[in-house]
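Asks: Next one to model:
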Amino acid sequence: MHASARAANRRDEVTRFSRHYLPDLVYGANDGIITTFAVVSGVVGASLSESVILILGFANLLADGFSMGASNYLARRSNVESDASDDRTDALRHGGATIVGFVIAGTVPLVAYLAPIGDDIRLPAAVGLTAGALFAVGASRSFVTRRGFLRSGGEMLLVGSLAALVAFAIGALVAGVDA
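Replies: This is a model prediction of the structure:
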């Protein structure tokens with residue numbers, strides 16, 4: 001087989017692989033971005049320190065990412081009637097794709113708090129990075145749906161924005177309660 005034919009076969013395999021796991025990657029990425037930015041928003045709403053954003057943000061990334069991946073694995077295993085090892089392997093790959101999507105995309109809202117930039121622009125930078133990531137992940141859904149990338153991206157941006165507003169309001173509300 002010629003090198004060009006091998007390269008074409010490899011591209012086809014990668015395309016099939018990514019289409020197979022794209023829903024898990026998108027699901028994980030969507031939740032990773034939204035929940036991590038919700039943590040950022042809640043901490044900002046409560047007027048807590050930036051170190052709290054990083055502590056809670058990374059705790060969220062690892063614990064919730066693992067939880068989502070494990071839940072995806074268990075859900076897929078529940079749908080399989082046989083105990084064949086290839087079924088376990090496929091379920092494990094789907095769970096792994098969810099974790100990877102969650103952790104990689106979920107890091108985006110924290111980048112502004114890790115970067116050497118001024119404190120006064122961290123939140124606007126986090127908002128911009130998060131909005132861009134939400135739109136991009138949402139738009140990527142158009143690869144496996146019949147919806148256009150603008151509608152898909154806009155939907156995810158809207159859902160993430162609403163979650164952030166709720167988290168900010170809760171943070172501000174709870175911070176105002178005297179213990």
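Asks: where exactly do the helices run in the chain?
Replies: Secondary structure of the chain (DSSP state H): helices at 3-45, 50-79, 85-106, 108-114, 119-140, 149-175.
Asks: Using JSON lines, lay out the ones you listed together with mean pLDDT.
Replies: Converted to JSON lines, the helices of the chain look like this (pLDDT from 0 to 100):
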{"stretch": "helix 3-45", "mean pLDDT": "81"}
{"stretch": "helix 50-79", "mean pLDDT": "92"}
{"stretch": "helix 85-106", "mean pLDDT": "90"}
{"stretch": "helix 108-114", "mean pLDDT": "95"}
{"stretch": "helix 119-140", "mean pLDDT": "93"}
{"stretch": "helix 149-175", "mean pLDDT": "90"}
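Asks: Using TSV, please lay out those together with mean neighbour count.
Replies: In short, each C-beta sits where N, CA and C put it, glycine included. Formatted as TSV, the helices of the chain follow (neighbours: other C-beta atoms under 10 Å):
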stretch	mean neighbour count
helix 3-45	18
helix 50-79	16
helix 85-106	20
helix 108-114	20
helix 119-140	18
helix 149-175	17
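Asks: Now do the same contact list for residue 145.
Replies: residue 152 (C-beta atoms under 8 Å, 6 or more residues apart in numbering).
Asks: Recalculate using a threshold of 10 Å.
Replies: 23, 151, 152 (C-beta atoms under 10 Å, 6 or more residues apart in numbering).
Asks: Out of those, the closest to residue 92 would be?
Replies: residue 23 (15.9 Å; C-beta to C-beta).
Asks: wait, doesn't that closest one sit right on residue 144?
Replies: Yes: contact criterion C-beta atoms under 10 Å: residue 23 and residue 144 qualify, at 6.5 Å.
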